[in-house]
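> quick one, structure for this:
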Amino acid sequence: MIYCFYVAMCLCLLILQTTVFPHLPLLDSFYDLLIPFIVYLALYRPLREGLLLVLFLGFIMDNISGGPFGLYLTTYCWLLIGVIGTTKFVQVGNRILLSMVVAAGVLIENMLFLAIFTITGPDVNLPAGAWSTVVIELLWALGTGPFFLIFFKYGHGRVDHLMDAMLARQR
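Take a look at the predicted model:
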């Protein structure tokens, strides 16, 4: 049941990111909304849950993005592994550190994208505003990342509460 909640939330984020945000002038340079979700999975959920969802999300994003296949899948897997590895050494508890983790995830994604696009061929040049877009996305991530993590944690808590109530009624 919880996977249905995760998939529904991810599909809502994808629809919001691909159909609504590009048409709003202030939000057209917003970062990938699945990054805070992957950070949430790495911080608060077991690895088997996170890995299964990251593989699913990477596959979906690779199919709708138009970029090289495996780009999002690789990025999301490295992000999940990196955040899990970081939490072994750093206690991620305050909101400032959470915003830094989300911003680091956005930076990792953008650096991987830029590296892959420059490596793919000598004729490929970066778009003119690539670096300014990265900076804008980092600023958005610093400001909104913790709110997304709080929203995901709250939503998961509500779904757990509803599932517990349904199970109690069945007994």
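
> okay, CA-based contacts and neighbour counts for the rest of this
Noted.

> how about residues contacting whichever strand or helix holds residue 81?
Here residue 81 sits within helix 71-87, counting by DSSP states H and E. Residues outside helix 71-87 that contact it (Cα atoms under 8 Å, 6 or more residues apart in numbering): 35, 38-39, 41-43, 50-51, 54-55, 57-59, 61-62, 101, 105, 108-109, 112-113.

> could you redo the last one with a cut-off of 10 Å?
Under the contact criterion Cα atoms under 10 Å, 6 or more residues apart in numbering, helix 71-87 has outside partners 34-35, 38-44, 46-47, 50-51, 53-63, 65, 70, 90, 92, 101-102, 104-106, 108-113, 116.

> and the angle from the host helix or strand of residue 62 to helix 71-87?
Applying DSSP H and E as the criterion places residue 62 in helix 47-65. Inter-element angle recorded for helix 47-65 and helix 71-87: 150 degrees (by axes from the mean of the first three to the mean of the last three Cα atoms, to 10 degrees).

> from residue 103, how far off is residue 144?
From residue 144 over to residue 103 the distance is 10 Å, taken as Cα to Cα, to the nearest Å.

> shared neighbours of those two, which are they?
Listed as contacting both residue 144 and residue 103 by Cα under 10 Å, 6+ apart are 36, 138.

> who has more neighbours, these two?
For residue 144 and residue 103, the more surrounded residue by other Cα atoms under 10 Å is residue 103, and the numbers stand at 24 against 15.

> the more buried one: what's it in contact with?
With contact set as Cα under 10 Å, 6+ apart, residue 103 has these partners: 31, 35-36, 97, 109, 137-145.

> for the closest residue to it other than its chain neighbours, what is the enclosing helix or strand?
Nearest non-adjacent residue to residue 103, counting by Cα to Cα, 6 or more residues apart in numbering: residue 141, 5.0 Å away. Assessed by DSSP H and E, residue 141 sits inside helix 130-170.

> give me the element the residue nearest in space to the middle of the chain is part of.
Geometric centre of the chain, nearest residue: residue 35, 1.5 Å, by Cα atoms, centre = their mean. Using DSSP H and E, residue 35 falls within helix 34-44.

> now do that helix against helix 71-87, angle only.
Going by the same axes, to 10 degrees, helix 34-44 makes 40 degrees with helix 71-87.

> okay, residue 40 and residue 7: tell me how far apart.
Distance from residue 40 to residue 7, by Cα to Cα: 14 Å.

> mean confidence score for the helix holding residue 81?
Per-residue pLDDT over helix 71-87 has a mean of 90.
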